[in-house]
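S.K.: Sequence unavailable; structure follows:
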């Protein structure tokens, strides 16, 4: 916000004296517009049928499927089978961004009913529609208040053990994403999520400095790292199982959208294919391309 054209007011709205003259000015207000959060869908991994999913994974002939393929092809086979079984045994979840996440189904249903009767009343002017609208409006207010205070009570009880719920609540109260709708880097302007992401990528790549000054000290041939030691390392199924059991199931997924809760609940059935892929990677000196991807959370500083 900027103040412009400050001057003596010719027509003051209230009385003034010589020592306190009235002034008028223009306010240049640049209202920040933020990127809208789109409606998204996914899987409700907390309600998955992991018993059936484990049984299906154990029936897969992983050694036969991964025997004569390279590391990247093997990882693709692994994900294709896993995602296909996820769609069969994990229920889908539509995330509705039009309502707060703590609203119950009854509250959302009542709010929609209120909107329906309000629209009908504006068209037909039927007093019965207005009565239904007034009843739904009063009921929705009570339900919203109930859901809100129930959620606050849950946060207060879980705060000593899980602070993520509290920060999720704070983020929701902001009612927008962390990024403005238009961002600039130099003379380049970006106004869509993809363009803004590319701006960040260009900036990060411009300031990135490799740990090694070059690849001269690495024995790399045909994009493969030749080592006299790594190919001698063997990863057992038991070690993979134990590692998966230590995952925090409350954490979110990575770029592959496979959350820790699934990996932990399916540790016995996923240890074999993962051990095969890990050992193939060490023996061939090739790290899977899709596992080089990562999520970067950028914090916009104003």
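M.R.: Ah, there it is. This structure is a prediction, so every number in the text was calculated from the model and none was measured. Numbers count the residues shown, from 1 in each chain.

S.K.: excluding its backbone neighbours, what's nearest the most centrally placed residue in the chain?
M.R.: Geometric centre of the chain, nearest residue: residue 252, 8.2 Å, by CA atoms, centre = their mean. Spatially, and ignoring its direct neighbours in sequence, residue 252 is nearest to residue 259 (6.5 Å; CB to CB, 6 or more residues apart in numbering). C-beta: built from backbone N, CA, C; applies to glycine.

S.K.: Please apply the same query to residue 79.
M.R.: Using CB to CB, 6+ apart, the nearest residue to residue 79 is residue 256, at 6.7 Å.

S.K.: which residues does the one you found contact?
M.R.: Contact partners of residue 256, counting by CB atoms under 8 Å, 6 or more residues apart in numbering, are 79, 290, 293.

S.K.: Neighbour count added to the residues you listed, as JSON lines?
M.R.: Listed next are the contacts of residue 256 as JSON lines, based on neighbours: other CB atoms under 10 Å:
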{"residue": "79", "neighbour count": "15"}
{"residue": "290", "neighbour count": "11"}
{"residue": "293", "neighbour count": "10"}
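
S.K.: would you turn these into JSON lines with pLDDT?
M.R.: Output for the contacts of residue 256, formatted as JSON lines (pLDDT from 0 to 100):
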{"residue": "79", "pLDDT": "97"}
{"residue": "290", "pLDDT": "93"}
{"residue": "293", "pLDDT": "87"}
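
S.K.: quick one: which of the residues you listed sit in helices?
M.R.: residue 79 (DSSP state H).

S.K.: out of the contacts of residue 256, who's nearest residue 167?
M.R.: Taking CB to CB as the measure, residue 167 lies nearest residue 293 of these, at 25.1 Å.

S.K.: Who are the contact partners of that closest one?
M.R.: Residue 293 touches 254, 255, 256, counting by CB under 8 Å, 6+ apart.

S.K.: and of those, the nearest to residue 199?
M.R.: Proximity of the contacts of residue 293 to residue 199 was ranked by CB to CB; the top entry is residue 255 with 19.6 Å.

S.K.: Contact partners for the closest one?
M.R.: So residue 255 contacts 290, 293, 294, 295 (CB under 8 Å, 6+ apart).

S.K.: cutoff 6 Å now
M.R.: By CB atoms under 6 Å, 6 or more residues apart in numbering, the contact list for residue 255 reads 293, 295.

S.K.: where does it land in three-state SS?
M.R.: In three-state terms, and counting by DSSP: H, G, I helix; E, B strand; the rest coil, residue 255 is coil.

S.K.: Give me the distance between it and residue 43.
M.R.: Distance, residue 255 to residue 43, using CB to CB, to the nearest Å: 16 Å.

S.K.: so what's residue 6 closest to, chain neighbours aside?
M.R.: residue 25 (4.3 Å).

S.K.: Neighbours of the one you found, how many?
M.R.: 10 (other CB atoms under 10 Å).

S.K.: Let me have the contacts of residue 293 in a markdown table, adding distance to residue 8 and pLDDT as columns.
M.R.: A markdown table is the format used below for the contacts of residue 293 (distance: CB to CB, whole Å; pLDDT from 0 to 100):
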| residue | distance to residue 8 | pLDDT |
| --- | --- | --- |
| 254 | 63 | 89 |
| 255 | 61 | 90 |
| 256 | 66 | 93 |
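
S.K.: In terms of distance to residue 197, which of those residues ranks first?
M.R.: Set against residue 197, the nearest of the contacts of residue 293 by CB to CB is residue 255 (13.2 Å).

S.K.: what packs against the helix or strand where residue 149 lies?
M.R.: Secondary structure from DSSP states H and E places residue 149 in helix 127-158. With contacts defined as 3 or more CB pairs under 6 Å, 6 or more residues apart in numbering; DSSP states H and E, helix 127-158 has these neighbours: helix 105-124, helix 164-173.

S.K.: Which of those comes out lowest on mean pLDDT?
M.R.: Looking at the helices and strands packed on helix 127-158, the lowest mean pLDDT belongs to helix 164-173 (a mean of 71).

S.K.: what's the angle between it and helix 127-158?
M.R.: Helix 164-173 runs at 140 degrees relative to helix 127-158, counting by axes from the mean of the first three to the mean of the last three CA atoms, to 10 degrees.
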